[in-house]
Each structure stands twice: as C-alpha cells, then as structure tokens.
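Asks: Sequence and predicted structure below; questions after.
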Amino acid sequence: MTTGEHPGPMGPFETVGETIGATPMVKIQASPDSVDVFAKLEAFNPGGSIKDRIGLYMLERMLEDGTLDPGGTVIEPTAGNTGIGLAIAANQLGLEAVFIVPERFSVEKQQLMAALGAEIVNTPTEDGMDHAIEVAHELAAQQKNAVVPQQFSNPLNVEAHYATTAPEIYETLDGAVGAVVAGCGTAGTLMGLAKYGDEQPDPPYVTAVQPAGSLFGEFHGEAPEEDEYKTEGIGTHDIDVNQLYEPELVDELITVDDRSIHAEMARLAKQEGHLVASSSAANSLAARQLAEQVATGQLELTHPTIVTVFPDGSDRYLSKGIYGDFEDWVG
C-alpha cells in the first residue's frame with residue numbers, strides 16, 4: 001500500500017488505505033465566467049478529510065526510515081481530523097494509536113477515533129493543547145517503540161501534499177494551474193502545493209487563507225489584531241507553533257471574517273450542493289476573491305485557473321449549528 005497509487009477510480013482495492021487520495025475536483029459555480037475556480041473535495045477520503053493523506057504518508061515514511069518499527073505506537077495530541085487520519089493509517093499498517101485530547105473537544109471525532117481502534121487519553125480542557133502535547137511526549141518517552149508525528153512541525157506533512165495532492169491537481173488540469181489557494185493551520189497543504197508548483201514551467205500564484213483574528217500576518221511583517229474566531233482547522237494564535245509555514249513561498253495572504261464564512265457555508269450547500277465546513281467556505285471565498293481580481297484585470301495569472309481545497313465535510317460540525325443563525329454558531 002502506497003499513498004497516491006490507485007488501481008482506478010472505482011478500484012478494485014485491497015484495503016481502505018488504498019482509497020486515500022485521487023479525490024474529485026469540482027468547479028465552484030459562483031465564480032467569474034472568464035476564470036475557472038476548482039475545489040478538490042477531500043471529504044471523499046475514507047476518513048472524511050484531507051488529513052487522511054498525511055496520516056498514511058507520515059506513518060509509511062516513518063516505518064521506511066526506521067523512525068518507527070513495525071508494531072509500534074503512534075501518539076499524537078489532536079482534537080480533530082488528523083487523529084482520524086492517523087487512526088486509519090495505524091489500523092492499516094498494524095500500529096497502535098494513542099491520541100491525547102482535551103476532554104470536551106469534539107466528542108464525535110473522539111468516538112470515531114476510538115471506533116478505529118485508537119486509545120483516547122483525555123486531559124483537562126482548561127489546560128489546552130499545550131498540556132496535551134506535553135502528555136503525548138511523556139507517554140512516548142515511556143515506551144521503546146513510540147513516536148509523536150507532530151503535524152505542525154513535521155516536514156512529512158508538507159511532503160504528503162507535494163507527493164499526492166499537488167500532482168493530482170496538475171494531472172487533472174494538464175498543468176494549467178494559475179493559482180493555488182488554501183487555508184493554513186499547520187500550513188502543510190499550501191506549502192506542499194507551493195513547493196510542487198514552484199518546480200513547474202509556470203509557477204502558480206500562491207495564496208494563503210486565514211480567519212480574521214488569526215496571526216499569520218506576523219509572518220509577513222504585519223501587526224494583526226488578535227481575536228477569537230469560530231472557523232475551525234485554520235488560523236493561528238501563536239506563529240511559533242506553525243513551523244512549516246514559509247512566508248517567502250506565499251504571494252498573498254487573504255483574511256476572511258467568520259460572518260462571511262458562515263454565509264458561504266450556507267450558500268455552498270443551498271446553491272451548489274457542497275456540504276462542507278468552515279475552512280472550505282473560507283477557501284471558497286478567498287479563491288472567488290482572487291478570481292474577481294483576475295477577471296477585472298487587477299491580477300494577471302499564467303493561466304485563468306484557480307485551485308483550492310475543501311478539506312472536509314459538514315457532518316461532524318452539525319451539532320455546533322453551522323447551518324443555523326450566525327449568532328448561535330459563534331455563541
């Protein structure tokens with residue numbers, strides 16, 4: 001089993017791990033006629049998100065280079081899709097998985113990780129992810145064959161998208177990619193797309209996306225005003241954590257507010273049939289904004305084609321009221 005290798009769009013597949021990647025690309029209809037905007041639909045992965053890619057890729061590489069021995073244990077502090085992606089990969093590769101999760105974080109995702117065979121260790125919610133990270137490293141140090149992949153600092157995160165997501169995009173569009181747009185949490189997706197694109201004959205315009213209140217602007221010499229935001233999976237309150245982000249690879253940073261993101265989630269569902277979550281809506285808005293700049297002559301691209309990603313679906317966020325009133329969602 002190797003990420004990115006598929007017998008065909010319908011299989012036959014030997015294992016569920018082989019279905020990771022090769023996700024469809026669909027045009028975003030609410031974009032200018034003169035500019036094509038495509039979204040890569042990562043909810044089609046078996047674990048329902050783009051994090052399936054890094055889960056399998058990182059563990060395969062760690063087994064290959066001896067960082068982790070067969071039958072070992074993966075320990076990761078996570079409250080989100082990365083845990084599900086790692087759990088699927090561990091399940092397929094014969095590894096044990098332990099996730100350190102602040103106790104009141106996403107009960108649905110904890111249930112899914114446990115269903116995949118992972119052990120969940122809860123820490124006090126008020127201690128946050130910093131404490132969860134400490135616990136993960138303490139547990140790993142107590143075992144002979146255990147690793148903490150550390151998605152925010154592990155270069156394999158970027159490599160996963162360089163090796164799988166980016167080539168799929170370029171193959172689908174015959175290399176005609178004018179811009180890539182992606183929200184940044186770990187920044188692994190955008191950095192992988194940027195590095196791959198930089199090696200192409202016509203490098204794309206690289207656009208990072210963040211919610212208002214996030215601090216990625218500090219990477220670019222700005223002094224953004226920090227604030228809370230409801231949008232999940234992207235943004236940062238501490239750029240020291242985001243060790244994979246390389247600002248020199250980014251041409252533009254677009255900031256989108258929660259209210260606009262909430263409205264776009266509803267629009268994508270009602271008008272285009274996309275049941276996606278907040279990070280996807282942020283990417284859609286940023287990609288469409290870029291397309292308007294191209295259509296009006298404010299920005300010139302090597303190709304009138306913009307590609308973004310929809311990282312996951314909306315089903316795991318329904319209990320948070322993503323399709324209800326904005327005030328209820330942020331409340």
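Replies: Looks like it arrived, so ask away.
Asks: Walking through the stretch 51-200 of the chain, point out its strands one by one.
Replies: Counting by DSSP state E, counting those that start in this stretch, the segments of the stretch 51-200 of the chain that form strands are 73-77, 96-102, 119-123, 146-147, 179-183.
Asks: pLDDT weak spots in the stretch 151-300 of the chain?
Replies: Counting by pLDDT under 70, the stretch 151-300 of the chain contains no low-confidence residues.
Asks: If we use 90, what do you get?
Replies: Low-confidence segments of the stretch 151-300 of the chain (pLDDT under 90): 241.
Asks: Helices along that one, start to end?
Replies: 155-160, 166-172, 188-198, 258-272, 278-295 (DSSP state H, counting those that start in this stretch).
Asks: if we can go back for a sec, buried deepest among the strands of the stretch 51-200 of the chain, which one?
Replies: Comparing the strands of the stretch 51-200 of the chain by mean neighbour count (mean count of other C-beta atoms under 10 Å), strand 179-183 comes out on top with a mean of 29. Every residue, glycine included, has its C-beta placed from N, CA and C.
Asks: Within the sheet, what are the partner strands of that strand, with directions?
Replies: strand 205-211 (parallel), strand 305-310 (parallel) (DSSP bridges).
Asks: what residue ranges in the stretch 1-150 of the chain score low on pLDDT?
Replies: 1-13, 78-80, 101-110, 125-133.
Asks: will you turn the strands of the stretch 51-200 of the chain into JSON lines that also has distance to Phe219?
Replies: Output for the strands of the stretch 51-200 of the chain, formatted as JSON lines (distance: least, C-beta to C-beta, whole Å):
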{"stretch": "strand 73-77", "distance to Phe219": "23"}
{"stretch": "strand 96-102", "distance to Phe219": "26"}
{"stretch": "strand 119-123", "distance to Phe219": "29"}
{"stretch": "strand 146-147", "distance to Phe219": "28"}
{"stretch": "strand 179-183", "distance to Phe219": "15"}
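Asks: who wins for proximity to Glu14 among the ones you listed?
Replies: strand 96-102 (21.1 Å; C-beta to C-beta).
Asks: mind exporting the closest one as PDB, just the C-alpha atoms?
Replies: What follows is strand 96-102, C-alpha atoms only, in PDB (Å, rounded to 0.1, in the frame of the first residue of the first chain):
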ATOM      1  CA  GLU A  96      -1.200   1.100  17.800                       C
ATOM      2  CA  ALA A  97      -2.600   4.600  18.100                       C
ATOM      3  CA  VAL A  98      -3.000   6.800  21.200                       C
ATOM      4  CA  PHE A  99      -4.500  10.300  21.000                       C
ATOM      5  CA  ILE A 100      -4.300  12.900  23.700                       C
ATOM      6  CA  VAL A 101      -7.400  15.000  23.600                       C
ATOM      7  CA  PRO A 102      -8.600  17.800  25.900                       C
END
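Asks: Given that strand, what are its sheet partners and their directions?
Replies: strand 73-77 (parallel), strand 119-123 (parallel).
Asks: right, so of those strands, which gets closest to Ala176?
Replies: strand 73-77 (37.1 Å).
Asks: What are the contacting residues of that closest one?
Replies: Here strand 73-77 makes contact (C-beta atoms under 8 Å, 6 or more residues apart in numbering) with 59, 68, 82-83, 86, 90, 95-101, 129, 132-133, 135-136, 139-140, 143, 145-151.
Asks: need the contact list for the closest residue to Gly117 other than its chain neighbours.
Replies: Of all residues not flanking Gly117 in the chain, Asn91 sits nearest, at 5.4 Å (C-beta to C-beta, 6 or more residues apart in numbering). By C-beta under 8 Å, 6+ apart, the residues touching Asn91 are 97, 116-117.
Asks: export those to CSV and tack on distance to Asp258?
Replies: Below are the contacts of Asn91 laid out as CSV (distance: C-beta to C-beta, whole Å):
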residue, distance to Asp258
Ala97, 32
Leu116, 31
Gly117, 35
